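# Just need the structure, nothing else, for what follows:
(chains A and B)
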Amino acid sequence: DTAVSQTPKYLVTQMGNDKSIKCEQNLGHDTMYWYKQDSKKFLKIMFSYNNKELIINETVPNRFSPKSPDKAHLNLHINSLELGDSAVYFCASSPPGRPDYGYTFGSGTRLTVV
Amino acid sequence: KQEVTQIPAALSVPEGENLVLNCSFTDSAIYNLQWFRQDPGKGLTSLLLIQSSQREQTSGRLNASLDKSSGRSTLYIAASQPGDSATYLCASDGSGAGSYQLTFGKGTKLSVIP
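Okay, the predicted model is just below:
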């Protein structure tokens, strides 16, 4: 199936730990994103990568570090996790230059920091 | 910076009613506008995408319109069904203005009562 897939789906961890979330898309899109959905369900951009290069970093703490080993993958590493990092994190992709083709989202990773 | 507002925040209707969800945006330099549906605890499902040059798009019982000059989009749902109950999100793509990201509204939570 063509899609954006994220792993893990659920992640429960203690404060202070370091964790990673992985994202892969097989749609051939050049641009990938990380979005955060907070407890009030508001979705906000964290990072955008175009062809493995960072193009948007929306005032995200530097404990969050995205890594794009290739166009099809965008991983999110989080250091020293805090209670406030608990949220649902969505990966997405889109093809630039195609206004007729929107964003495709993964199913989300629910991160709970205890 | 683009701001997207959705009204109402919540809506409850009896089954069979036609309904309209509203979305407004502050910057008319949009690439396209995308409507999503999110079921509780789930990811985002794309419903309709309207390119900036288009006025409306239809899919089954759904019709989305776009008026760039007034900064508005509406999602019309005909003959609502209990299965339509979900949160509906409107998002503008600012790629046309060099902003490679979707900006989301806070959503309208729809409940269709059998």
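# Indicate whether the host helix or strand of residue A:35 makes contact with chain B.
Applying DSSP states H and E as the criterion places residue A:35 in strand A:31-37. Yes: contact of strand A:31-37 with chain B (CB under 8 Å from any CB of the partner chain) involves A:31, A:33, A:35. The C-beta positions use only the backbone N, C-alpha and C, and glycine is treated the same way.
# contacting residues for the last one?
Applying CB atoms under 8 Å, 6 or more residues apart in numbering or on different chains, we find residue A:35 in contact with A:43, A:44, A:45, A:46, A:89, A:90, A:91, A:92, A:105, B:102.
# Contact partners for the residue lying closest to it once chain neighbours are set aside?
Closest residue to residue A:35 apart from its sequence neighbours, by CB to CB, 6 or more residues apart in numbering or on different chains: residue A:90 at 4.4 Å. By CB under 8 Å, 6+ apart, residue A:90 lies in contact with A:6, A:34, A:35, A:36, A:37, A:43, A:105, A:106, A:108, A:109, B:43, B:44.
# what are the pairing partners of the helix or strand harbouring residue A:90, and which direction each?
Element membership for residue A:90, per DSSP H and E: strand A:87-94. Sheet pairing here is set by DSSP bridges, and for strand A:87-94 it gives strand A:31-37 (antiparallel), strand A:104-105 (antiparallel), strand A:109-113 (antiparallel).
# Quickly compare these and say which is most buried.
Neighbour counts (mean count of other CB atoms under 10 Å in any protein chain shown) averaged over each of the strands paired with strand A:87-94 peak at strand A:31-37, with a mean of 24.
# returning to that earlier point: any chance of the strands paired with strand A:87-94 in CSV, with mean pLDDT too?
Compiled in CSV, those are given as follows (pLDDT from 0 to 100):
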stretch, mean pLDDT
strand A:31-37, 94
strand A:104-105, 94
strand A:109-113, 97
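# right, and the ones you listed - which one's nearest residue B:60?
Residue B:60 sits nearest to strand A:104-105 of all the strands paired with strand A:87-94, at 19.8 Å, using CB to CB.
# Name the helix or strand of chain B that has the lowest mean pLDDT.
Here the helix or strand of chain B ranked lowest by mean pLDDT, DSSP states H and E is strand B:102-104, holding a mean of 92.
# any idea how far that one is from the chain center?
11 Å (CA atoms, centre = their mean, to the nearest Å).
# Check what pLDDT the residue in chain A sticking out farthest from the centre gets.
The centre of chain A is farthest from one residue, residue A:100, which by CA atoms, centre = their mean lies 23.0 Å away. pLDDT, residue A:100: 80.
# follow-up on the earlier one: partner strands of the helix or strand just after the strand holding residue A:35, parallel or antiparallel?
Going down the chain from strand A:31-37, the next helix or strand is strand A:43-50, by DSSP H and E. According to DSSP bridges, strand A:43-50 forms sheet pairs with strand A:31-37 (antiparallel), strand A:53-57 (antiparallel).
# Return the distance of the longest one from the chain's centre.
It stands for strand A:31-37. What separates the centre of strand A:31-37 from the centre of its chain is 4 Å, taken as CA atoms, centre = their mean.
# How about the shortest one?
Distance, stretch centre to chain centre, for strand A:53-57: 12 Å (CA atoms, centre = their mean).
# Which residues in that strand does the neighbour count mark as buried?
A:55, A:56 (16 or more other CB atoms under 10 Å in any protein chain shown).
# again, but for stretch B:14-25
Going by neighbour count (16+ other CB under 10 Å), the buried part of stretch B:14-25 is B:19, B:21, B:23, B:24, B:25.
# center of chain A, which residue is that?
By CA atoms, centre = their mean, the mean C-alpha position of chain A lies nearest to residue A:34, the distance being 2.9 Å.
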